[in-house]
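Colleague: Here is a sequence together with a model predicted from it:
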Amino acid sequence: MKVLVTGGAGFIGSNLALELQNKGYEVIVLDDFSSGHFKNLIGFEGDVIAESILNVDLNRFKDVDVIYHQAAITDTTVQDQKLMMQINTEGFRRFLDFAVENDIKFIYASSAATYGNAPAPQKEDDAGKPNNIYGFSKWICDCIAKKYMERFPEAHIVGLRYFNVFGPREQYKGKMASMVWQLAKQMVDGKRPRIFKWGEQKRDQVYVKDVVKANLLAMDAKKSCIVNVGSGKAVTFNYIIEVLNKVLGFDYEPEYFDNPYKEFYQDYTEADLTKAKECLGYKPEWSFEEAVKDYSISEHHTN
């Protein structure tokens, strides 16, 4: 079976590409390396195509069985609305069109950013009021996907709304790497971990291994759907520091500072996983504590 992973040199894409390879699939990675990194693909033995999703010749992928569309601008601080919409939404539309036309299964990365300030736990129907252009670009992808699901009931289209993903191969994301990575790096560098006052903000932190598992399950989804992928259990920033202290053997007190993004900041995200369980059979395997332990063993944060 042949699989294409767009954005396959990125954080989630590379974890997915390597796991698909481990499972015996023939894997092609497409990435323009604008934010992906070759080091994420050390150990990968498939083909890598270094081109943009906007103009790569799609006919090269006619014999593919599944497209995993992970490619996107994921830097939520990017203000260029046209660029964000072109890459994230038009790039998505191009591959969705192609997949449906050629009867290829299409599984794509959506985002919890589509929820904006919807109250937690967020259910799939709560989306549609994003706080930034990134969330908006992903929301429009979901809207397009829903129309395709109605028009082409025989198509296999699955959208996965990722919550806060952390784990190996995220260090090349720099400032967009997870809070877990950022705080661990500060601690390893001998600094007190800095968080917004007073650290009681809650986030659904999901381990990348669970996210990869959800992607694999999506291949056999009972029907086309858009579902949450999270841990289903939010943790506070204070708790993240507590767990990191324990795992890394430190005893740092947090340093609190004012949140400059207060007016559009999501204070509490938590994935309602009812639909993901029903459509995909998805149930996270990793508790936050176990995931942090596994992560810091498998990859030191100073890499």
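Modeller: Thanks, I have the structure now. Numbers count the residues shown, from 1 in each chain.
Colleague: For the stretch 51-200 of the chain, which segments are assigned as strands?
Modeller: Taking DSSP state E, counting those that start in this stretch as the criterion, the stretch 51-200 of the chain carries its strands at 66-69, 105-111, 157-162, 164-166, 194-196.
Colleague: Include mean pLDDT, mean neighbour count and distance to residue 283 when you put those into a markdown table, please.
Modeller: The C-beta positions use only the backbone N, C-alpha and C, and glycine is treated the same way. Listed next are the strands of the stretch 51-200 of the chain as a markdown table, based on pLDDT from 0 to 100; neighbours: other Cβ atoms under 10 Å; distance: least, Cβ to Cβ, whole Å:
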| stretch | mean pLDDT | mean neighbour count | distance to residue 283 |
| --- | --- | --- | --- |
| strand 66-69 | 99 | 25 | 21 |
| strand 105-111 | 98 | 25 | 18 |
| strand 157-162 | 99 | 25 | 14 |
| strand 164-166 | 98 | 23 | 17 |
| strand 194-196 | 96 | 18 | 30 |
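Colleague: how about those in CSV, adding distance to residue 221?
Modeller: Below are these laid out as CSV (distance: least, Cβ to Cβ, whole Å):
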stretch, distance to residue 221
strand 66-69, 11
strand 105-111, 8
strand 157-162, 5
strand 164-166, 20
strand 194-196, 37
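Colleague: Find the centremost residue of this structure, please.
Modeller: Central residue of the chain (Cα atoms, centre = their mean): residue 162, 4.7 Å from the mean position.
Colleague: what about that one, distance to residue 108?
Modeller: Distance, residue 162 to residue 108, by Cβ to Cβ, to the nearest Å: 11 Å.
Colleague: Equivalent analysis for residue 122, please.
Modeller: 19 Å.
Colleague: With residue 282 instead?
Modeller: Separation of residue 282 from residue 108 (Cβ to Cβ): 16 Å.
Colleague: show me where the stretch 101-250 of the chain has helices.
Modeller: With DSSP state H, counting those that start in this stretch as the criterion, the stretch 101-250 of the chain has helices at 133-151, 179-188, 208-218, 237-248.
Colleague: Turn those helices into JSON lines, including mean neighbour count.
Modeller: Listed next are those as JSON lines, based on neighbours: other Cβ atoms under 10 Å:
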{"stretch": "helix 133-151", "mean neighbour count": "19"}
{"stretch": "helix 179-188", "mean neighbour count": "21"}
{"stretch": "helix 208-218", "mean neighbour count": "22"}
{"stretch": "helix 237-248", "mean neighbour count": "19"}
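Colleague: any chance of those in TSV, plus distance to residue 3 and mean pLDDT?
Modeller: Converted to TSV, the helices of the stretch 101-250 of the chain look like this (distance: least, Cβ to Cβ, whole Å; pLDDT from 0 to 100):
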stretch	distance to residue 3	mean pLDDT
helix 133-151	19	98
helix 179-188	27	96
helix 208-218	10	98
helix 237-248	33	97
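Colleague: out of those, nearest to residue 84?
Modeller: When these are compared by Cβ to Cβ, helix 133-151 sits nearest residue 84, at 4.7 Å.
Colleague: Which strands and helices lie in contact with that closest one?
Modeller: Here helix 133-151 touches helix 81-84, helix 91-101, strand 105-111, strand 157-162, strand 225-229, going by 3 or more Cβ pairs under 8 Å, 6 or more residues apart in numbering; DSSP states H and E.
Colleague: could those go into JSON lines alongside distance to residue 289?
Modeller: Output for the helices and strands packed on helix 133-151, formatted as JSON lines (distance: least, Cβ to Cβ, whole Å):
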{"stretch": "helix 81-84", "distance to residue 289": "35"}
{"stretch": "helix 91-101", "distance to residue 289": "35"}
{"stretch": "strand 105-111", "distance to residue 289": "25"}
{"stretch": "strand 157-162", "distance to residue 289": "21"}
{"stretch": "strand 225-229", "distance to residue 289": "20"}
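Colleague: Let me know which of these is the nearest to residue 71.
Modeller: Nearest of those (Cβ to Cβ): helix 91-101, 6.3 Å.
Colleague: Between helix 133-151 and that closest one, find me the angle.
Modeller: Note on geometry: by axes from the mean of the first three to the mean of the last three Cα atoms, to 10 degrees, helix 91-101 and helix 133-151 are set 20 degrees apart in direction.
Colleague: Name the residues that touch helix 91-101?
Modeller: By Cβ atoms under 8 Å, 6 or more residues apart in numbering, the surrounding residues in contact with helix 91-101 are 6, 52-54, 58, 61, 67, 69, 71-72, 104-106, 108, 141, 144-145, 148, 152, 155, 157.
Colleague: Buried residues, that helix. List them.
Modeller: Of all the residues in helix 91-101, those buried under the rule 16 or more other Cβ atoms under 10 Å are 91-92, 94-96, 98-100.
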